[in-house]
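K.L.:
using only what follows, build the 3D model:
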Amino acid sequence: MRTRTLALTALAAAGLVLGAAGQAGASTGGVLTVGSAGGTNANVGDTLTGAINSDFIFTTSSGTIDCSTGSFTAGVTANPAVGSGNATESITGLHADPANCSTTIGGTLGVVSVEINGAANGTVVDGSSPKLKVTNLDEQVTLSSFLGDVTCDYGTTGSVTEIDGALSNVSKSISFATQNVNLISGSGLCPSNGTFSGGVGPVLDSSQSNQAVYVN
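P.N.:
Numbers count the residues shown, from 1 in each chain. The predicted structure is shown next:
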């Protein structure tokens, strides 16, 4: 299931989803702030983190992969003033804990690992319905089978150019609902496509005392 799906899943995942590195700054007015809406800006270079708060579920015609615990990590790469552009981030971690994952995909016995392969790009679109748009996503999932381990990579390729996660200042989370993903590489046991759902949150800025991240 190349179950990189979580990632998306979550996963991403966004949420999941802002970031900025370096020293805490006193600047305000950015798309991403910490502590409160309109609070102190997240700095470029800050590290954003979050835990899976809604199961990462990858659904295919051959079965599903379900992971209940894991983590999201991203670095802030841009955080302009509201109205002057989009905040961006480099998503470097979309990890699911294999011990808390299960698979019903035909021919598989269990989940060995779920990790992002490389870094995905995140773009924070603010406004009345803020979202995290994830591109260049390659989530690598390794499943055990009767024939040995099978690795499947899923993400944004072919007809799927991005997956979108809704951002919430109430729960400080990223939520992905039925996002399409395609197989990037893998054996014949890997379904060619599927959908990913799940959530990450609260998203915290570990470079600024683990304060919650807000979208403005």
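K.L.:
for the rest of this, base every contact and every neighbour count on C-alpha atoms.
P.N.:
Noted.
K.L.:
any weak-confidence spans in this structure?
P.N.:
When the per-residue scores of the chain are filtered using pLDDT under 70, the ranges that remain are 1-26.
K.L.:
which residues of it fall in helices?
P.N.:
Counting by DSSP state H, one finds no helices in the chain.
K.L.:
hey, what's the closest residue to Gly158 other than its chain neighbours bridged with?
P.N.:
If you skip the residues right next to it in sequence, Gly158 has Asn182 as its closest partner in space, 7.3 Å away by C-alpha to C-alpha, 6 or more residues apart in numbering. Following DSSP bridges, Asn182 is listed with bridge partners Gly155, Asn193.
K.L.:
what's the burial count for Asn182?
P.N.:
Neighbour count of Asn182, defined by other C-alpha atoms under 10 Å: 22.
K.L.:
that one touches Thr161, doesn't it?
P.N.:
No: look at Asn182 against Thr161 with C-alpha atoms under 8 Å: they stay out of range, at 9.7 Å.
K.L.:
now for the two: what residues contact both?
P.N.:
Overlap between the contact sets of Asn182 and Thr161, as judged by C-alpha atoms under 8 Å, 6 or more residues apart in numbering, is nil.
K.L.:
and Ser209, how many neighbours?
P.N.:
Considering only other C-alpha under 10 Å, Ser209 is surrounded by 11 other residues.
K.L.:
ok, it to Ile52 distance?
P.N.:
Counting by C-alpha to C-alpha, to the nearest Å, the gap from Ser209 to Ile52 is 20 Å.
K.L.:
please apply the same query to Gly29.
P.N.:
Per C-alpha to C-alpha, Gly29 is found 29 Å from Ile52.
K.L.:
of these two, who's got more company?
P.N.:
Remark: of Gly29 and Ile52, Ile52 carries more neighbours, 32 against 17, as counted by other C-alpha under 10 Å.
K.L.:
can you pull the contacts of that one?
P.N.:
Residues touching Ile52, when contacts are defined by C-alpha under 8 Å, 6+ apart, comprise 10, 68-72, 198-201.
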